[in-house]
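Trainee: Okay, here's the prediction I keep looking at, along with the sequence it came from:
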Amino acid sequence: MGLPGGWELVVIVLVLVLLFGATKLPQMARSLGQSARVFKAEARGLKADEEAAKKAQAEREQKPELSAGEASPPPAASPADDKQRHDQKN
């Protein structure tokens with residue numbers, strides 16, 4: 001049993017026109033196309049999220065962990081901290 005061809009397609013289209021009317025079919029096709037685009041976009045988004053998670057996991061695994069005796073490096077000073085220190089000195 002293969003795909004419908006020739007006359008079978010004509011009969012299917014005719015039945016669809018009779019059931020839904022000629023005005024509803026283009027709306028249904030448009031809606032189906034929009035749904036397919038949204039589905040593809042979401043699938044791409046999920047794939048990008050998975051790749052980002054894998055990349056983050058790989059970066060965490062590559063960073064050397066500090067041993068118990070080592071201190072963590074001091075946080076970088078922000079320009080606001082520099083201004084406060086300057087104001088306190090004066």
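Mentor: Sure, I can see it.

Trainee: Quick check: residue 63 vs residue 57, distance?
Mentor: Note on residue 63: its distance to residue 57, by CB to CB, to the nearest Å, is 11 Å. C-betas here are computed from N, CA, C, even on glycine.

Trainee: Counting neighbours, go ahead and name the busier of those two.
Mentor: Higher neighbour count among residue 63 and residue 57: residue 57, with 10 against 7, using other CB atoms under 10 Å.

Trainee: phi, psi of that one?
Mentor: phi -60, psi -40 (degrees, to the nearest 10).

Trainee: Distance check, it against residue 38.
Mentor: With distances taken as CB to CB, residue 57 is found 29 Å from residue 38.

Trainee: what's the answer for residue 3, then?
Mentor: Using CB to CB, residue 3 is found at 27 Å from residue 38.

Trainee: So those two - more neighbours on which side?
Mentor: Using other CB under 10 Å as the criterion, residue 3 and residue 38 rank with residue 38 on top: 10 against 6.

Trainee: helix/strand/coil for that one?
Mentor: helix (DSSP: H, G, I helix; E, B strand; the rest coil).

Trainee: distance of it from residue 10?
Mentor: Distance, residue 38 to residue 10, using CB to CB: 31 Å.

Trainee: Also residue 87?
Mentor: 85 Å.

Trainee: ok, the residue nearest in space to the middle of the chain to residue 33 distance?
Mentor: For the chain, residue 45 is the residue whose C-alpha lies nearest the centre (CA atoms, centre = their mean; 1.6 Å). Noted for residue 45: a distance of 19 Å to residue 33, by CB to CB.
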